[in-house]
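A.B. asks: kindly generate the corresponding structure for this input.
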Amino acid sequence: TVYISVVDRDRNAVSFINSTYYSFGSGVVGPKTGVVLQNRGSSFRLDPRHPNAIAPGKRPMHTIMPGMMTKNGRAMMPFGVMGGGYQPFGHVHLLTNMIDFGMDPQQAIDAARVFYNHDVVEAERSVHPDAIEGLRRRGHRVVEPDHPLGGGQAVLIDWEKGTLTGASDPRKDGLALGY
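C.D. replies: Below is the predicted model:
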């Protein structure tokens with residue numbers, strides 16, 4: 001998955017995400033173009049009673065969800081968090097860190113992450129041991145993930161100050177830059 005946030009000098013903002021899904025998409029490459037085909041359709045089910053059954057006009061369930069925060073009818077922050085099932089939770093985590101806890105975009109992206117995934121709580125190494133112990137006391141099985149919990153980018157537009165603040169997640173390849 002690739003995610004980018006872009007804001008130009010006129011404050012036009014773009015939030016863009018693209019993914020082949022899983023490691024190498026479908027594993028099928030166009031013979032003339034070399035384009036790797038995605039496999040988002042793998043989420044469909046053959047059982048006609050299943051909510052995600054193959055049917056005309058249906059779309060596969062997926063997490064391709066670039067974010068755009070707005071305020072007073074203007075773009076305030078294009079943002080996105082990659083990471084499969086973590087992605088929707090990551091969006092909420094990023095925004096909660098900024099709105100409720102007053103973090104700047106980089107602090108919000110850098111903050112320790114916890115994610116409930118397939119009956120276990122994945123807690124990054126940077127989560128305070130007291131918090132992990134509290135989860136265990138409440139009956140949760142807590143593990144340290146062997147992979148990054150998502151990866152995000154954002155560009156915050158401050159219309160009053162005329163500034164842009166970029167942020168990029170150290171868990172993945174990426175950078176924040178301006179010129």
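
A.B. asks: contact partners for the most centrally placed residue in the chain?
C.D. replies: The centroid of the chain falls nearest to V81 when counting by C-alpha atoms, centre = their mean (1.9 Å). Contact analysis of V81 by C-beta atoms under 8 Å, 6 or more residues apart in numbering lists Y3, G67, Q87, G90, H91, H93, L94, G150, G151, G152, D169. (C-beta placed from N, C-alpha, C; glycine too.)

A.B. asks: quick check, nearest of these to N12?
C.D. replies: Set against N12, the nearest of the contacts of V81 by C-beta to C-beta is G67 (16.3 Å).

A.B. asks: and for that closest one, the neighbour number?
C.D. replies: When neighbours are defined as other C-beta atoms under 10 Å, G67 has 20 of them.

A.B. asks: if it is in a bridge, with which residues?
C.D. replies: On the basis of DSSP bridges, G67 is bridged to F79.

A.B. asks: the residue nearest to the centre of the chain in helix, strand or coil?
C.D. replies: Following DSSP: H, G, I helix; E, B strand; the rest coil, V81 is assigned to strand.

A.B. asks: need the pLDDT of it.
C.D. replies: On the pLDDT scale, V81 is placed at 93.

A.B. asks: sorry, back to before: looking at the contacts of V81, which is nearest A55?
C.D. replies: Nearest to A55 among the contacts of V81: Q87, at 24.8 Å, using C-beta to C-beta.

A.B. asks: residues touching that closest one, list them.
C.D. replies: Shown in contact with Q87 (C-beta under 8 Å, 6+ apart): T63, M65, V81, G150.

A.B. asks: is the second one in contact with I17, as I believe?
C.D. replies: Right, the one you point to is M65. Yes. Using C-beta atoms under 8 Å, M65 makes contact with I17 at a distance of 7.1 Å.

A.B. asks: list residues touching both of the two?
C.D. replies: Counting by C-beta under 8 Å, 6+ apart, the residues touching both M65 and I17 are G80.

A.B. asks: okay, these two: which has more neighbours?
C.D. replies: It is I17, of M65 and I17, that has more neighbours when counted by other C-beta under 10 Å, with 19 against 14.

A.B. asks: would you check how far apart the more buried one and D10 are?
C.D. replies: Taking C-beta to C-beta, to the nearest Å as the measure, I17 falls 23 Å from D10.

A.B. asks: just give the nearest non-adjacent residue to Y22, would you?
C.D. replies: In space, and not counting its chain neighbours, Y22 is closest to N39: 6.4 Å by C-beta to C-beta, 6 or more residues apart in numbering.

A.B. asks: and stretch 115-127, which residues are buried?
C.D. replies: Residues of stretch 115-127 classed as buried: F115, V121, E122, A123, V127 (neighbour count, 16 or more other C-beta atoms under 10 Å).

A.B. asks: no more questions from me, cheers.
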